[in-house]
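*Asks:* I'd like to go over a predicted model; first the sequence, then the structure.
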Amino acid sequence: MPQEISWQDFEKVDIRVGKVVEAEPFPEARKPSVKLAVNFGSGVGVKRTSAQLTVYYEPEELLGRQVVAVVNFPPKRIAGFESEVLVLGVPDDEGTVVLLAPDREVPLGGRVF
């Protein structure tokens, strides 16, 4: 059973919707990954990240897609690349990442609640 958290704990996690504006292969990463630049709108701006999305998604297919990401983690270095946000996904039956995304177009920077 998952550990219970308070509503105040949840409110600390800033999860927002952004649009992928750049995507390129990231061969230097330990696990197959893609470098992304995601635009979260005027409140957050464009942030960079890497994501293990190489099985179901080609970089060019990710361009223009809306994604959901945690935007208030500290930056993390991954193979010399600074990752600023965590794009969220869920593993399928084989453990392959499937992106979380709104099922309709929503404003950039919209906060998940």
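*Replies:* Good, I have the coordinates. It should be emphasised that the depicted structure is a prediction, and the values quoted were computed from it without experimental measurement.
*Asks:* any chance you could map the helices in this structure?
*Replies:* Under the criterion DSSP state H, the chain contains helices at 7-12, 59-62.
*Asks:* quick one: average confidence on the last one?
*Replies:* So the one you mean is helix 59-62. Averaging pLDDT along helix 59-62 gives 96.
*Asks:* contacts for it?
*Replies:* Helix 59-62 is contacted from outside by 20, 23-25, 34, 36, 53, using CB atoms under 8 Å, 6 or more residues apart in numbering. (Each C-beta comes from the backbone N, C-alpha and C, glycine too.)
*Asks:* helices and strands of the protein: which one has the lowest mean pLDDT?
*Replies:* Least confident helix or strand of the chain, by mean pLDDT, DSSP states H and E, is strand 76-78 with a mean of 92.
*Asks:* Remind me what that one packs against, helices and strands.
*Replies:* strand 81-83 (3 or more CB pairs under 8 Å, 6 or more residues apart in numbering; DSSP states H and E).
*Asks:* What strands flank the strand it packs on, and is each parallel or antiparallel?
*Replies:* Applying DSSP bridges to the sheet, strand 81-83 is found paired with strand 76-78 (antiparallel).
*Asks:* tell me which residues in the strand it pairs with are buried?
*Replies:* The neighbour-count check on strand 76-78 (16 or more other CB atoms under 10 Å) flags Ile78 as buried.
*Asks:* Identify the residues contacting it?
*Replies:* Contact with strand 76-78 is made by 29, 33, 50, 82-83, as judged by CB under 8 Å, 6+ apart.
*Asks:* Indicate which one of the helices of the chain is closest to Gly110.
*Replies:* helix 7-12 (15.7 Å; CB to CB).
*Asks:* Show residues contacting the closest one.
*Replies:* Asn72.
*Asks:* That one - what's its average pLDDT?
*Replies:* Mean predicted lDDT for helix 7-12 stands at 95.
*Asks:* and the contacts of strand 76-78, which are buried?
*Replies:* Buried members of the contacts of strand 76-78, scored by 16+ other CB under 10 Å, are 29, 33, 50, 83.
*Asks:* possible to save those as JSON lines with distance to Val13 and pLDDT?
*Replies:* As requested, the buried ones among the contacts of strand 76-78 are exported to JSON lines (distance: CB to CB, whole Å; pLDDT from 0 to 100):
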{"residue": "Ala29", "distance to Val13": "24", "pLDDT": "90"}
{"residue": "Ser33", "distance to Val13": "23", "pLDDT": "93"}
{"residue": "Ser50", "distance to Val13": "20", "pLDDT": "96"}
{"residue": "Ser83", "distance to Val13": "17", "pLDDT": "96"}
